[in-house]
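Engineer: Build me a structure from this.
(chains A and B)
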2 protein chains.
Amino acid sequence: MALYVQKFGGTSVGSLDRIEAVADGIARSVREGHQLVVVLSAMAGETNRLLELASQVSAKPSERELDMLVSTGEQISIALMAMALQKRGIAALSLLASQVGIDTDGHHGKAEITHVCKQRLSECLALGQVAIVAGFQGVSPQRELTTLGRGGSDTTAVALAAAIGADECQIFTDVEGVYTTDPRVEPKARKMDHITFEEMLEMSSMGARVLQIRSVEFAGRHRVPLRVLSSFKEGEGTLINYDSHCQSAACVTGIAFSREEASITLTGLKDQPGIAAAVFSPLAEAKVEVDMIVQSSAANECVDLTFTVHRDDFTLAKSLIKPLMPELGVDHLIETKDICKVSVVGASMQYHTGIAKQMFEVLGREGIKIHLIATSEIKISVAIDEKYLELAVRSLHSSFGLGED
Amino acid sequence: MALYVQKFGGTSVGSLDRIEAVADGIARSVREGHQLVVVLSAMAGETNRLLELASQVSAKPSERELDMLVSTGEQISIALMAMALQKRGIAALSLLASQVGIDTDGHHGKAEITHVCKQRLSECLALGQVAIVAGFQGVSPQRELTTLGRGGSDTTAVALAAAIGADECQIFTDVEGVYTTDPRVEPKARKMDHITFEEMLEMSSMGARVLQIRSVEFAGRHRVPLRVLSSFKEGEGTLINYDSHCQSAACVTGIAFSREEASITLTGLKDQPGIAAAVFSPLAEAKVEVDMIVQSSAANECVDLTFTVHRDDFTLAKSLIKPLMPELGVDHLIETKDICKVSVVGASMQYHTGIAKQMFEVLGREGIKIHLIATSEIKISVAIDEKYLELAVRSLHSSFGLGED
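Structural biologist: Now for the predicted structure:
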């Protein structure tokens, strides 16, 4: 008997048939003797339906009212799931974030969870009930409804798992686990049974497809055992490991990528302490996520600074930077849209030489120009033109021998 | 400058165009200097869409989960309305019942409001904001989401008006006011400028078409000035008056009716004190609304008892009564379905003789059999076969001279 938090995303509960199928799986787990807290997203399409309504009403709806609107999506899912479970004779109770006590920092549309109260969930479990919790939402200090931003239901699941000390946080998705790269881009991609936490962090920057990166970080901070598995197919999925002894033998684990990036280069910045903070503070305050940052020296005690942001935030980022340019001494602001990021990831990479060389050779052979390079202990990332994404991923996947045997 | 609570029903906000039109009206009121609290229902069709989803998941979904599900409808309305107002430069804030502090007795699906906290609304008004409140919902002592049952948004509006001491509670509907009878049944029906509270109580038993009866009672208890008006057409609507000096000159004010009733007759009841309570207590506990009650003496110290309920509650009512029959000494339970109630209403009726005689003569002339008769100081009601409803209403409306001049 174990205590699991199970999270099901939008496609997993995307229709009434899917809700019934998920309810069957939950009922099976309960009958096997497990205690469950279930976190649900909105039914696939529902959030977009609501956003479409909002966009028809206002070109620029307030973030607060958007949160009020879209958080109904998860509420519908949890009510229907509770009904589906009760029909199967399973005691179940739907709970809003306000009823559980999921507190956030109050930043509408991109809130972060600050605290989870475990009392109500513990009461449910003690009564033998399955708690069905609305993902993606929380309550601000001012008792305002706030949403957690893209993929936020994963974060909800991990936060609940941490609060109640779950044996495992199981994220059910439309994929069977974590792959060496996205199988839609490289059909030869292979599912991994285990992956280290650090590798997962880098791989999940592929986007929301597998796991939202903030949820992985949250899991890491609280050492929540995290498993990614399919809600459509039986299988063990991929377990995320905190034990560094379990590192995979291969030095490269996978090829990660993220689409729809854009870069901004500022040239001629005064080379002074605090200059980077001056650039990135306003972006952080506006919750613009900056991905790669590269700084290089230029002539005359100046530096060039380049960073990438998601393309959706590009216009906002520019508008925040422009007023600062005179003060920072910026000569030029150079923008590059339509780029993407491709990364080679591997926890034991740091013990192997030649990975970077091999990566650059492969890309050069395919005629792919590299705009930016950034490295970490377990990752080498490059920014390239987005049109080359698939070519780059497949070439690297093959070159590092990641495909099926 | 006045303080108004304005309530808009489902058809008034039934589409984005309608929401924009209502927002125009609210903006106009604000610019005229009025302070507003707005109560909204779900967009027409939304509640049915949700109930349809529930019925596909479960033949008998729990009331708690139904409340969780359908209360999303109002949440969507208030968010969209706040956006529409903000677009017009009007400060507006959507508020859930839990955020306002609307407490209920916790009876899922049919909850009654027990208390309204005025603090949050007062804060909004002090900041010059229009508070847009989700109708139809409240929070139980256990912090559960509860809905108020049919027409509950009217009750929300009246309760808020009472709490903040509004100058008027304006109920915007798809009709221009209160008519001498339903214009769909009798095209000659005339809109009234004023109606007394007592008359309104009787008239509103016509059903949810004009005003939900519980909201009228609530308004009466708190002496909330209530106005019914159209959200589609300009006009003064009908003001509900508490001043008995303002009674209309005519002794009959209007013809009310309610469809879809059914009656249960119990014969041979022991004629003992407490016998009626024994019958009606279980119905009250199950929140079955009993309408007409008629008791008549029979032979052998026995009585016959007949009462009517809404047809939806008919099976439930029978199942509650049947186990009690031996103890009560009931010989027979006689059921009559497919009946309706038609009432002649008038506040000054009590000072005029002959109203009952005229009513029975009219019905007799048309060949309409009367199943039950019940009278109050300002109303005479009869139960008749539902197929005669339109004929009875038109004949009585004409006979009492209620039509347009």
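Engineer: Show the low-confidence segments of chain A, by residue range.
Structural biologist: A:150-151, A:204-210, A:243-250, A:298-300, A:350-353, A:404-405 (pLDDT under 70).
Engineer: Could you list the domains of it?
Structural biologist: A:3-174, A:255-399 (automatic domain parsing).
Engineer: Where do the helices of the stretch 201-350 of chain A begin and end?
Structural biologist: A:213-221, A:275-285, A:314-321, A:325-328 (DSSP state H, counting those that start in this stretch).
Engineer: on that earlier part again, deepest-packed of the domains of chain A, please.
Structural biologist: Mean neighbour count (mean count of other Cβ atoms under 10 Å in any protein chain shown) peaks for domain A:3-174 among those, with a mean of 21. Using the backbone N, CA and C atoms, a C-beta is placed for each residue, glycine as well.
Engineer: Can you pull up the most central residue in chain A?
Structural biologist: Nearest residue to the geometric centre of chain A (Cα atoms, centre = their mean): A:Gln212, 1.6 Å.
Engineer: Need the domains of chain A in CSV (columns: distance to A:Arg227).
Structural biologist: Formatted as CSV, the domains of chain A follow (distance: least, Cβ to Cβ, whole Å):
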stretch, distance to A:Arg227
domain A:3-174, 5
domain A:255-399, 18
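Engineer: Out of the ones you listed, which is closest to B:Met200?
Structural biologist: For the domains of chain A, the distance to B:Met200 is smallest for domain A:3-174, at 34.0 Å, taking Cβ to Cβ.
Engineer: So is that closest one next to chain B?
Structural biologist: Yes - judged by Cβ under 8 Å from any Cβ of the partner chain, domain A:3-174 and chain B are in contact via A:16, A:19-20, A:50, A:53-54, A:56-59, A:61-62, A:64-66, A:68-69, A:71-72, A:75-76, A:78-80, A:82-84, A:86-87, A:93-94, A:96, A:98-99, A:143-145.
Engineer: A:Asp304 reaches A:Lys270, doesn't it?
Structural biologist: No - using Cβ atoms under 8 Å, A:Asp304 is not in contact with A:Lys270; the gap is 11.9 Å.
Engineer: So A:Glu198 is in contact with A:Ala347, correct?
Structural biologist: Yes - between A:Glu198 and A:Ala347 there is a contact at 5.5 Å, judged by Cβ under 8 Å.
Engineer: got any residues that touch both of the two?
Structural biologist: A:Ile378 (Cβ atoms under 8 Å, 6 or more residues apart in numbering or on different chains).
Engineer: and stretch A:228-247, how far from the chain's centre?
Structural biologist: Computed by Cα atoms, centre = their mean, to the nearest Å, the separation of stretch A:228-247 from the middle of its chain amounts to 16 Å.
Engineer: ugh, wrong one, I meant stretch A:136-145
Structural biologist: 21 Å.
Engineer: ok, and what's touching that stretch?
Structural biologist: By Cβ under 8 Å, 6+ apart, stretch A:136-145 touches A:41-42, A:64, A:67-68, A:71, A:73-74, A:96-98, A:101-106, A:108, A:111, A:113, A:146-148, A:152-153, A:156, B:96, B:99.
Engineer: That stretch: end-to-end distance?
Structural biologist: 11 Å (Cα to Cα, to the nearest Å).
Engineer: correct me, but A:Leu66 touches A:Gly109?
Structural biologist: Yes - counting by Cβ under 8 Å, A:Leu66 touches A:Gly109, with 6.3 Å between them.
Engineer: do you know which of the helices of the stretch 201-350 of chain A lies nearest B:Gln129?
Structural biologist: helix A:275-285 (25.4 Å).
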